[in-house]
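Asker: The amino acid sequence is not available; the structure is as follows:
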C-alpha cells in the first residue's frame, strides 16, 4: 500500500472536492433569494449549525500552523485551544441568543445589518463592514495560499513518482483549489457552505482522533514519554507557559477566549438557527466538536518535537512542516488521505464563510450604510461579488508577497476580536453603549493592529498585539459609553434588549 | 456594583497588569530563544522569570477570568425578572473553580521553577496538567449554567412570548408601510 501513498492521498482529496461540487449543485436549487444566499433562510437545525460553528472556527491554521507552533514553542500555543470551553461559553452567553433574536426581529441578513439596527447608526454598520472586509481579504488570501501549497506538495510528490522532473506551478494549484471553493459558494451560497461544513467537520473530528492515536503510538511511552523527553531537553517547553513565558501565553488566552465572540464568520452562523430554543444544545455540541479537532493540533506538535529531540526523525527546516511530515512518516496512507482531505476541509470551511460575509459586506452592508438601500438584484450581485473576492484574494495571495499575506492573515483574528467584541458582544447586551464608542473601538482596533504589525513592532514579554488592541478597544468602548449620554434606541430594539 | 462597572474594574486591573509588565525590563531572550541544536525550535528563556513577572501574569490571568465571568453575567442580567438562586450558585462556583485552577497552575509552575525538579501529575508536569485539564474543564460549569438555565433565566417562555409579539408588531408595520408605498406609486 505504501507505494500508492501519494495516489491514495490524491484520490481522497479528489473525492472530497467532488463531494463539495455535489453539495454546491444540490444547494443551488434551495438558494432562491439573497436571504437564502447569506442566511440559509434561517432554517438550520441544531446539529448542522453546531458543526458549522466549530468547523468555521477551526481553520487550516489549526491543522498546519497549530502543530507547527507547538513544535516550535512547546505548550505556549496550546493556550489558543484550552480556552475553547470558556470561549464558546462566552460567545453563547453574550451573543448567540441575542443576535438570533435581532436577526428575526429586523430580518437581518448580515452582522453589520444587525449592528446598524442595534445602534441606529449607519456609520457603525459601515465601519463594521469595513473591518470585516479587510479581515476577510487577509484571512482568505492566507487560507487560499495554504490550500494551494498543500495541494502543490501532494501533486508534485505524485508527479515525481510517475513523471520524474515534472512539477506544477503554484498558480495552477491556486486555480484548482479556488475553482472548487468558488463553484460551491457561488452556486449554493451559505447553504452549500454550511452543508459542506457538516461533512468537513465530521472529517476533521475523525481525522483528529485517529491522528492523536497515531501520535501517541509513534513515541515510546505515549504522552508520558513525550513529556519526559521534552523535560530532559528544556523543562520550559513542556511547562504551562511553553517557551513564550507567562505574559505572552496569557495574552493569547485572553484574545482567543474573548475574541471568539467577535469572529463574524462564526457569529453569522448563530443567526441562521431555525429555532431560538435550539441554541442551548448548540453550545455543548460545538465545544465537543472543536475539542476533538484540537487533539490534532496538540498531539502532532508535541510528538514531532519529541521524535526530533530523540533523534528518531530528521530535524525540520520549518516548523510548519511538522504536520505534513508526521502524516507522511507515521500514519498509514488511508489515514493520511483522510487527514489531508480533512486539512483542505478545515481551510475550505473557513474560507467559504469568509467569502460569504465578504460578499455580504460589498453588495449589502456598504451600499446600505452609504445610500440607505442595498443593491437591486442582490442575489446576482452576491454571486458576482463572491467570484470577484475569490479572484482578488487569489491574486493577492500569489503576488502581494508572503509578508503582506502573513500580515493580513495574522491581522484577521485580532482585528475581528478588537473591533467586534466591544461593538457586538458587549454592545448587544448593554443599552448604554453608544455609536460613538462603537466607532472609536473599531477604528482603534484597526489602527493599533495594523500599525503595530505593519511597522513590525513586537511587544516586550511576547505580549500579543491583538490582545493589546482588544484591551484598548474594550476599555475605550466602556469608558466612552459611560461618559456619554445614554443613547436613544428604537422601541423594538430596546424591548428585545430587555428580554 | 453592576456588571458594567465590574467589567470596567477588571479592564482597569488588566491595563495595570499589562502596563507594569510591559514597562518591566525584559532580559535577553525573555520570551524564548533559538534552540541550541534544532533550527525550527525555540527554547525557554535562559533567565527564569522574576517573581514580579509571575505575580503580574497571575494578576492578569485572574482579571481575565473575572472579566469573562462578568461578561457572561452581563449576557443574562436583564433576561429574567425571577431571581433564581441556582444561577448565582453556578456562576459563583464556576468563578471560584476557574480562579482556583489559574492559581494552582501558576503555583505549581513557580514551585517547579524554584526547586528545579519537575513533579508529574498524570502524563504531564503538574502545572501543565492544571493547564490542559483544568483550564479546559473548569468552564464546563458555565456551559451547564447555559444549558440548564436556558428556559429558566436566559430565554424563559414569557420572554419568548413577548418576543413573538414584538415580531408580529414589526411585521404588521412592515406590511402597512409596504402597502403605503405601493399606493404612492
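Answerer: On my side now, so go ahead. Model, not experiment: these values are computed from the prediction.
Asker: Verify the contact between residue A:281 and residue A:49 for me.
Answerer: No - look at residue A:281 against residue A:49 with CB atoms under 8 Å: they stay out of range, at 9.5 Å. In short, each C-beta sits where N, CA and C put it, glycine included.
Asker: between these two, which one's more packed in?
Answerer: Remark: of residue A:281 and residue A:49, residue A:49 carries more neighbours, 27 against 17, as counted by other CB atoms under 10 Å in any protein chain shown.
Asker: for the more buried one, what are its contacts?
Answerer: A:194, A:269, A:270, A:272, A:273, A:278, A:282 (CB atoms under 8 Å, 6 or more residues apart in numbering or on different chains).
Asker: Apply 10 Å and report the result again.
Answerer: Residues near residue A:49 by CB atoms under 10 Å, 6 or more residues apart in numbering or on different chains: A:40, A:96, A:100, A:194, A:197-198, A:269-274, A:278-279, A:281-282, A:285-286.
Asker: Keep only those of these that are also close to chain B.
Answerer: A:96, A:100, A:279, A:281, A:282, A:286 (CB under 10 Å from any CB of the partner chain).
Asker: Identify the farthest-apart pair in those residues.
Answerer: Farthest-apart pair in those is A:100 and A:286; separation 14.5 Å (CB to CB).
Asker: So between the two, which is more surrounded?
Answerer: Neighbour count, other CB under 10 Å: between residue A:100 and residue A:286, residue A:286 has more, with 28 against 23.
Asker: ok, and for the helix or strand harbouring that one, which residues are buried?
Answerer: Per DSSP states H and E: residue A:286 is located in helix A:279-309. Buried residues in helix A:279-309, defined by neighbour count with 16 or more other CB atoms under 10 Å in any protein chain shown: A:279-287, A:289-309.
Asker: ditto for stretch B:5-19
Answerer: Buried, per 16+ other CB under 10 Å, within stretch B:5-19: B:6, B:7, B:8, B:10, B:11, B:13, B:14, B:15, B:17, B:18.
Asker: residues contacting the fourth one?
Answerer: With CB under 10 Å, 6+ apart as the criterion, the residues that contact residue B:10 are A:474, B:62, B:63, B:64, B:65, B:66, B:67, B:68, B:69, B:70, B:71.
Asker: Give me the neighbour count for the residue nearest to residue A:484 when sequence neighbours are not counted.
Answerer: Nearest non-adjacent residue to residue A:484, counting by CB to CB, 6 or more residues apart in numbering or on different chains: residue A:434, 4.7 Å away. When neighbours are defined as other CB under 10 Å, residue A:434 has 22 of them.
Asker: Please report the distance of residue A:434 from residue B:4.
Answerer: Distance, residue A:434 to residue B:4, by CB to CB, to the nearest Å: 13 Å.
Asker: now do residue A:472
Answerer: Where residue B:4 is concerned, residue A:472 sits at a distance of 18 Å (CB to CB).
Asker: And residue A:369, by the same measure?
Answerer: 28 Å.
Asker: Then residue A:428?
Answerer: Residue A:428 is 14 Å from residue B:4, by CB to CB.
Asker: Out of the two, name the residue with the larger neighbour count.
Answerer: Set side by side, residue A:428 and residue B:4 show more neighbours around residue A:428, with 26 against 20, by other CB under 10 Å.
Asker: didn't the more buried one look like it was pressed against residue A:499?
Answerer: No - the pair residue A:428 / residue A:499 is not scored as a contact, 11.8 Å apart, by CB atoms under 10 Å.
Asker: tell me the contacts of the residue of chain B found nearest chain A?
Answerer: Residue nearest to chain A within chain B (CB to the nearest CB): residue B:44, separated by 2.3 Å. Each residue near residue B:44 by CB under 10 Å, 6+ apart is listed here: A:73-74, A:76, A:234-239, A:241-245, B:29, B:31-33, B:35, B:113.
Asker: Quick one, which of those residues are buried?
Answerer: Among the contacts of residue B:44, those scoring as buried are A:73-74, A:76, A:234-239, A:241-245, B:29, B:31-32, B:35, B:113 (criterion: 16+ other CB under 10 Å).
Asker: before we move on, back to that, sitting in strands, which of the contacts of residue B:44 do you find?
Answerer: Using DSSP state E, the members of these that fall within strands are residue B:33.
Asker: show me the contacts for the spatially most central residue of chain B.
Answerer: With distances taken as CA atoms, centre = their mean, the residue of chain B nearest its centroid is residue B:68 (3.3 Å). By CB under 10 Å, 6+ apart, the residues touching residue B:68 are A:83, A:86-87, A:89-90, A:93, A:253-254, A:257-258, B:10, B:94-95, B:98, B:139, B:142.
Asker: Longest helix in the chain, please.
Answerer: In the absence of a named chain, this looks at chain A. The longest helix of chain A (DSSP state H) is helix A:170-218.
Asker: Please refer instead to chain B.
Answerer: Criterion DSSP H: the longest helix present in chain B is helix B:85-115.
Asker: chain center to that helix: distance?
Answerer: Distance of helix B:85-115 from its chain centroid, counting by CA atoms, centre = their mean, to the nearest Å, is 12 Å.
Asker: these two touch, right, residue A:441 and residue A:422?
Answerer: Yes - counting by CB under 10 Å, residue A:422 is a contact partner of residue A:441 at 4.1 Å.
Asker: So the two - more neighbours on which side?
Answerer: residue A:441 (33 against 29).
Asker: Against residue A:320, how distant is the residue of the stretch 351-499 of chain A found nearest chain B?
Answerer: Nearest residue of the stretch 351-499 of chain A to chain B (CB to the nearest CB) works out as residue A:462 at 3.3 Å. Shown here: residue A:462 relative to residue A:320, a distance of 19 Å by CB to CB.
Asker: Below-threshold pLDDT in chain B: ranges please.
Answerer: Within chain B, the stretches with pLDDT under 70 are B:1, B:77-83, B:174, B:176-185.
Asker: Spell out the residue ranges of the strands in it.
Answerer: B:33-34, B:42-43, B:120-121, B:124-125.
Asker: Those strands into JSON lines, with extra columns for distance to residue B:171?
Answerer: Formatted as JSON lines, the strands of chain B follow (distance: least, CB to CB, whole Å):
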{"stretch": "strand B:33-34", "distance to residue B:171": "63"}
{"stretch": "strand B:42-43", "distance to residue B:171": "58"}
{"stretch": "strand B:120-121", "distance to residue B:171": "58"}
{"stretch": "strand B:124-125", "distance to residue B:171": "56"}
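Asker: Comparing these, which comes out most buried?
Answerer: Here the criterion is mean neighbour count by mean count of other CB atoms under 10 Å in any protein chain shown, and of the strands of chain B the winner is strand B:124-125, at a mean of 25.
Asker: No further questions, thank you.
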